[in-house]
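Chemist: attaching a predicted model along with its sequence, questions to come.
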Amino acid sequence: MSETMTGPGTDRAEHDAMAAVLAHGLLNRLSTIIGTATTLREHWSDLDDDERASLLERLEGHAVLLAPAVRKIAGA
């Protein structure tokens, strides 16, 4: 790892900060996916077709947004 003009360890600190931001974003999306899936599973019969469709769209939307970040991390 190279050192920058701001001193030793800065590159590592920047890397750690970026990783923390990325992890936060991924965990937020994942929490939404899990919560939505749980709501669908636990309340399927209580929801009307429009509510189910809306929740499924939300689930799909967050998964679609999450996928590129996971692919990038995985190096795919």
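Modeler: Thanks, I have it.
Chemist: centre of the chain to the helix or strand hosting Ile33, how far?
Modeler: If you go by DSSP states H and E, Ile33 is part of helix 10-43. For helix 10-43, the separation from the chain centroid amounts to 4 Å (computed by C-alpha atoms, centre = their mean, to the nearest Å).
Chemist: ok, then the element right after that helix?
Modeler: Assignment by DSSP H and E places the next element after helix 10-43 at helix 49-74.
Chemist: which parts of that next one are buried?
Modeler: 55, 58-59, 62-63, 66 (16 or more other C-beta atoms under 10 Å). Every C-beta, even on glycine, is put in place using the N, C-alpha and C of the backbone.
Chemist: same check, this time on stretch 26-45
Modeler: 29, 32-33, 36, 39-40.
Chemist: just want the most central residue of this structure.
Modeler: Closest residue to the average C-alpha location of the chain: Leu26 at 2.4 Å, with C-alpha atoms, centre = their mean.
Chemist: surely that residue is in contact with Leu66?
Modeler: Yes: between Leu26 and Leu66 there is a contact under C-beta atoms under 8 Å: 6.7 Å.
Chemist: next, count neighbours for Ala13.
Modeler: 12 (other C-beta atoms under 10 Å).
Chemist: okay, it and Ala19: tell me how far apart.
Modeler: 11 Å (C-beta to C-beta, to the nearest Å).
Chemist: so what's the nearest residue to Leu22 once chain neighbours are set aside up against?
Modeler: Leaving aside its sequence neighbours, Leu22 sits nearest to Ala69 (C-beta to C-beta, 6 or more residues apart in numbering; 7.0 Å). If you count contacts by C-beta atoms under 8 Å, 6 or more residues apart in numbering, Ala69 has them with 22, 25-26.
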